[in-house]
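# Have a look at this prediction, sequence included:
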Amino acid sequence: MLEIVAIIALSNRISRIVREKGLKPAKYIIIAIILCISFEFIGAVFGFLVLGMEDSASGGGGLNLWAYPFAIAGAAVGGFLGYYFAKRATPKDQPNRFGCGLLLVISIGFAIMIIIIALIFSPEIPSGGVKVSNQMEQYALDYIEDNRLLEADEKILAYYDFTVDLDGSEAVILTDQRLIYHGKEIEDFLINLEDIVDVQYRQESLGDIIEVYVSDGNMILLEIPLWDDGEILFTALNFKLSQIQSNTEAE
């Protein structure tokens, strides 16, 4: 509600400025509104990156409302830029000295730079992709422990989180004893490594495909995007299966 009132006031102010220059205000008002909304979104994203997406005070449920001031600050920056464009607009009867296009490009570039800096330096941001034991993110370890997905003596060899926001609710876990496919919407698939009879791997245009065949006739299909290093999971699984086979033959 506060943002709407501010945008209306800003639009009226911009309209007066450009009309005094003999220009039509619609273009400048639209630019200002787009900048306000865009930078508000960028501010909110920056806040989530710095503070985390979820509100830990409420037990992890709901969005982190502490990111809202970042969104308001972003909207204020966008509003200022929209106002500045209007102030810099060349009057109708004078040659154009500095177009809005360049300022808009500079503003967008600056916003992108802020997001990149936040991505690089924020300690709150987990990274996706297949992880091995020494790369495990704390959020994943906490989720596994809270949901009791492993036995006490199991060790994680590889892990992949399928979710977009990396919350651990759909993941595949390779341990030294089992292959676990966990999902909130479905019953977990728990496969003892000794029961796996074959593993097939292929790379398609959009990602890695891993087919796991089990002695009871079941098959699990794992589809991992190309940029998430699905081959690491296949290699870890194949290596562990080779170890088990070698131990069995030695006995």
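Everything's here; your move.
# any weak-confidence spans in the stretch 51-200 of the chain?
Along the stretch 51-200 of the chain, segments meeting pLDDT under 70 span 51-64, 93-127.
# Tell me which stretches of it form strands.
131-132, 156-161, 170-175, 178-183, 189-192, 196-204 (DSSP state E, counting those that start in this stretch).
# Against E170, how distant is I191?
16 Å (C-beta to C-beta, to the nearest Å). Every residue, glycine included, has its C-beta placed from N, CA and C.
# Would you report the backbone torsion angles of R148?
Main-chain torsions, R148, degrees, to the nearest 10: phi 50, psi 50.
# any idea how far the residue nearest to the spatial centre of the chain lies from Y139?
By C-alpha atoms, centre = their mean, the chain has its centre lying nearest to D165, at 5.2 Å. Counting by C-beta to C-beta, the gap from D165 to Y139 is 10 Å.
# what do those two both touch?
Residues touching both D165 and Y139 (C-beta atoms under 8 Å, 6 or more residues apart in numbering): none.
# show me what contacts the nearest residue to K184 once chain neighbours are set aside?
The spatially closest residue to K184, leaving aside those adjacent along the chain, is S169, at 4.6 Å (C-beta to C-beta, 6 or more residues apart in numbering). Applying C-beta under 8 Å, 6+ apart, we find S169 in contact with 143, 163, 182-184.
# same thing with E185?
E170.
# measure it to G82 for me?
Going from E185 to G82 by C-beta to C-beta gives 44 Å.
# Over to L206?
For L206, the distance to G82 equals 39 Å [C-beta to C-beta].
# Among these two, which residue is more densely surrounded?
Each of L206 and G82 has its neighbours counted (other C-beta atoms under 10 Å); G82 has more, 28 against 11.
# Can you verify my assumption that the more buried one contacts L10?
Yes - using C-beta atoms under 8 Å, G82 is in contact with L10, at 6.6 Å.
# Find residues that contact each of those two.
Common neighbours of G82 and L10 (criterion: C-beta under 8 Å, 6+ apart): 32, 36.
# Give me the phi and psi for the residue nearest to K184.
Torsion angles, degrees, to the nearest 10, at S169: phi -70, psi -20.
# Give me the distance between it and Q200.
Taken as C-beta to C-beta, the span from S169 to Q200 is 27 Å.
# L174 now?
Distance from L174 to Q200, by C-beta to C-beta: 16 Å.
# neighbour-wise, which of those two wins?
Per other C-beta under 10 Å, whichever of L174 and Q200 has more neighbours is L174, with 22 against 12.
# what residues are up against that one?
With contact set as C-beta under 8 Å, 6+ apart, L174 has these partners: 156-159, 180, 233, 236-237, 240.
# same thing but 7 Å
Neighbour list for L174: 157-158, 233, 236-237 [criterion: C-beta atoms under 7 Å, 6 or more residues apart in numbering].
# who wins for most neighbours among those residues?
Counting neighbours by other C-beta under 10 Å, L233 leads these with 26 neighbours.
# what about the residue nearest to K155 when sequence neighbours are not counted, how many neighbours?
Spatially, and ignoring its direct neighbours in sequence, K155 is nearest to D176 (4.8 Å; C-beta to C-beta, 6+ apart). By other C-beta under 10 Å, the residues close to D176 number 14.
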